[in-house]
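1. Got a predicted model here, sequence first, then my questions.
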Amino acid sequence: MPALTLSILPDGYAICRLEPGAPVPGWALAAPGFASITRTRSELSVVVIGAAVPSGIRHESGWRIFELQGPFAFTETGILASVADPLRDAKIGIFAISTFDTDYVLVKAGDLGRAIDVLENAGHTVRSAQ
């Protein structure tokens, strides 16, 4: 498994679930920092800074984000597994998001300190985002 550098993004994030046919909400597009919007046949998922989520939206807050420092070529293998496997072994649940250049792994804020220890013990470098 490759040794990676991961940055912890500032702030807490929320994972929101909307109906599959819902329009992409303006509050998601306007949210500062990291945002991810994914539509499937069964849902519209939005990940944004927790403070941006309006009341009445189904969501789970209290997530922190590790950004894997890419970019990674599509031919590279084991990138996400090198982070997910040690967290799995430590029984730390994750929510993963991939983009064109890199991957993001979310853990609950209460697990952040333990996740950092686990990832560093697995040979990764973890730092705060600039």
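-> Perfect, I can see it now. Just so it is clear, the structure is predicted and the values come from calculations on it, not from any experiment.

2. Would you list the phi and psi of residue 80?
-> The phi and psi torsions at residue 80 (degrees, to the nearest 10) take the values phi -60, psi -40.

3. err, residue 50, not the other one
-> Backbone torsions of residue 50, given as degrees, to the nearest 10, read phi -60, psi -40.

4. Check residue 120 too.
-> Phi and psi for residue 120, reported as degrees, to the nearest 10, are phi -70, psi -40.

5. which one is it nearest to, not counting chain neighbours?
-> Spatial nearest neighbour of residue 120, excluding adjacent residues (CB to CB, 6 or more residues apart in numbering): residue 126 at 5.8 Å. Backbone N, C-alpha and C define where each C-beta goes, glycine included.

6. Now the host helix or strand of that neighbour: average pLDDT?
-> Following DSSP states H and E, one finds residue 126 within strand 125-128. On average, the pLDDT along strand 125-128 is 93.

7. and it, which residues are buried?
-> Neighbour counts using 16 or more other CB atoms under 10 Å place residue 126 of strand 125-128 among the buried residues.

8. All the strands of the protein, in order from the start?
-> 5-8, 13-18, 36-39, 44-49, 59-68, 95-98, 103-108, 125-128 (DSSP state E).

9. Show me what the longest one is packed up against.
-> By that I understand strand 59-68. On a contact count with 3 or more CB pairs under 8 Å, 6 or more residues apart in numbering; DSSP states H and E, strand 59-68 meets strand 5-8, strand 13-18, helix 79-89, strand 103-108, helix 112-121.

10. now the ones you listed in a markdown table, with mean neighbour count, mean pLDDT and distance to residue 66?
-> Compiled in a markdown table, the helices and strands packed on strand 59-68 are given as follows (neighbours: other CB atoms under 10 Å; pLDDT from 0 to 100; distance: least, CB to CB, whole Å):
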| stretch | mean neighbour count | mean pLDDT | distance to residue 66 |
| --- | --- | --- | --- |
| strand 5-8 | 17 | 96 | 4 |
| strand 13-18 | 21 | 98 | 11 |
| helix 79-89 | 17 | 95 | 7 |
| strand 103-108 | 21 | 97 | 5 |
| helix 112-121 | 16 | 97 | 8 |
